[in-house]
Each structure stands twice: as C-alpha cells, then as structure tokens.
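[1] The sequence and its predicted three-dimensional model are supplied below.
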Amino acid sequence: MDAELLFQPFSSRGSSSTLGSVLLDELRSGLYENLFVAVAFATSSGTSRLCAGVQEFVQAGGFARFVCGIGNGVTSRQAVAHLLRAGAVVTGVALSGGNLFHQKVYRLVGERRGLLVVGSNNLTLDGLFRHFEASTLLRLDPLLAQELAILDEPLQLIEQLQRDHAANFLDLTRDSLDGLSQEGLLIDERTRPPRATSEVDESDESEQDQQATPNRTRSVPPITVPAPPAAA
C-alpha cells in the first residue's frame, strides 16, 4: 500500500496538483474496471469536466456508480444529467432534520490495482480543481486480502446504510429529473442567480445554505444519529 497526501491545488514542489486531474488520468489509464464515488455536492461545473473521462471508462467496459447528496440546495439536475449521459448509475441520498450526506470518497478498482481517495473534494469545479483541499490517496493491491478489504469497506458501508434506510436512497434516472427538481431535491442551475465568476458552485456551500432546502416539498424519513456532546 502506498499513501499520498494530495494538498490541492499545489504539490509539495509548488506545481499544480488537483484531484480532478488525478481522476481523469486514472480513468483513462485502462487499469480499472469499477468506479465508485460518494459525494455531498455535485454541480455541472464539476461533472462537465469529469464526465468525458467517465464516459470513456464506461465505453471501455467499466462500471461507474455515483452516490450524491440531494435536497441540499446544491446538487443539480444538470450534474446528474451529465453523469447519466456518461453511462453512470446515479443514486441520490435525501436526509432531513438538518443532517447532510457529506462523504467525499472516490474509489477505482481493477484486477491488479486499486485507488481510494478520502478527503474534502466535492464533485464541483472548485472541489476538484480550484479550492484548497486535502485528500489521502491510497494505492492498494486488490490481490492482497487486507488491502482489498480497505478498498471495499466504503462501498460496503454505503450499501449497508442503503439497506437500513432504503427510503432515503433514490435511483436517479432521466425520467425522474423533472419530478425531483419540482420537489426541491435537485436544483435547476438555469434558475439560480448567476455568480460573479459565472459558476453555479461552492458559493452556496455555507453551513446556512447547506441546511436550507428551498422549495423542497418531498418529505423523507429522518435517520437518528448519536447526539453530540454539550457545548462548553
């Protein structure tokens, strides 16, 4: 196992170093057959830059699955449409009560090589290429049982969560995008106020905005989580 800290947007030598570039290179390497991504936020600014690589990966025989938080005021129908057009399977996770699906996990597995990335990068332009982010990259050998277990654990945890809370997990398809937008679970970037940078992206990721769900009409069951300790 090799471990590396990716300190976007710069490497230790001061050169450019971004998770988006790493993912595109790995997707096009021909070394993997399975891609799994779990993220809080996905916008078209990020998916439009990654999906060419995802589409090539799928067309070459790979399987791609994305699990994204929805109903958070950030993840958009345009981002989901990009992923679906690229041939990916997309699942949305809707939570209530102020909780967020907030994972950022990227996983690639092939016959002889595995890559697991856990960090702070969302599936957005800023998260993949521009913001100062920190991620741990683990390069693992799936032929070694202990390293395969590390590769598989994030996927198994998500699958267990889905089994336990199936009502919070929604299959996202082209036919469902209109309804989910009307229910407030996916935003429509065409109706968002434009940013000065023309990006519909992390400007909406403040804690206040994340917990707001404007125009959200679908109710989803709460998932009980442990109470935090009292503030000092």
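    Sure, I can see it.

[2] pLDDT weak spots in the protein?
    Within the chain, the ranges that satisfy pLDDT under 70 run 193-215, 225-232.

[3] 90 instead, please
    Within the chain, the ranges that satisfy pLDDT under 90 run 10-17, 96-99, 191-232.

[4] longest strand in it, by residue count?
    With secondary structure taken from DSSP state E, the chain has its longest strand at strand 63-70.

[5] what's next to it, contact-wise?
    33-42, 54, 57-58, 75, 79-80, 83, 86-95, 100-103, 123, 158, 170, 172, 180, 185-186 (CB atoms under 8 Å, 6 or more residues apart in numbering). For glycine as for every other residue, the C-beta is placed from the backbone atoms N, C-alpha and C.

[6] Go through those residues and flag which are in strands.
    In this view, the contacts of strand 63-70 that belong to strands under DSSP E are 34-39, 89-94, 170, 172.

[7] In the longest helix seen in the chain, which of the residues would be classed as buried?
    When the chain is parsed with DSSP state H, its longest helix is helix 145-164. With burial defined by 16 or more other CB atoms under 10 Å, the residues of helix 145-164 counted as buried are Glu147, Leu151, Asp152, Pro154, Leu155, Ile158, Leu161.

[8] how far away is the second one from Ala64?
    For Leu151, the distance to Ala64 equals 16 Å [CB to CB, to the nearest Å].

[9] what's the spacing between Gly179 and Gly87?
    22 Å.

[10] okay, these two: which has more neighbours?
    Gly87 (16 against 11; other CB atoms under 10 Å).

[11] quick one: that one from Arg49, how far?
    Counting by CB to CB, the gap from Gly87 to Arg49 is 17 Å.

[12] Find the centremost residue of this protein, please.
    When CA atoms, centre = their mean is applied to the chain, the residue found nearest the centroid is Val39 (2.5 Å).

[13] Would you mind naming the residues that bridge with that one?
    Cys68, Lys104 (DSSP bridges).

[14] Pretty sure it sits against Val93.
    No: between Val39 and Val93 there is no contact under CB atoms under 8 Å: 10.1 Å.

[15] burial of the nearest residue to Thr47 once chain neighbours are set aside, as a residue count?
    Excluding its sequence neighbours, the residue lying closest to Thr47 (CB to CB, 6 or more residues apart in numbering) is His82, at 3.8 Å. When neighbours are defined as other CB under 10 Å, His82 has 25 of them.

[16] quick one: contacts for His82?
    Ser44, Thr47, Ser48, Cys51.

[17] just checking, what packs against the host helix or strand of the third one?
    The one in question is Ser48. Using DSSP states H and E, Ser48 sits in helix 44-59. Applying 3 or more CB pairs under 8 Å, 6 or more residues apart in numbering; DSSP states H and E, one finds that helix 44-59 makes contact with helix 19-27, strand 63-70, helix 77-85, helix 125.

[18] How many residues are close by the nearest residue to Ile150 once chain neighbours are set aside?
    Leaving aside its chain neighbours, Ile150 sits nearest to Leu140 (5.9 Å; criterion: CB to CB, 6+ apart). Neighbour count for Leu140, taken as other CB under 10 Å: 21.

[19] cool, and Gly71?
    With other CB under 10 Å as criterion, Gly71 counts 25.

[20] Same check on Leu35?
    Counted with other CB under 10 Å, residues neighbouring Leu35 total 23.

[21] now it, which residues is it bridged with?
    Ala64, Leu108.
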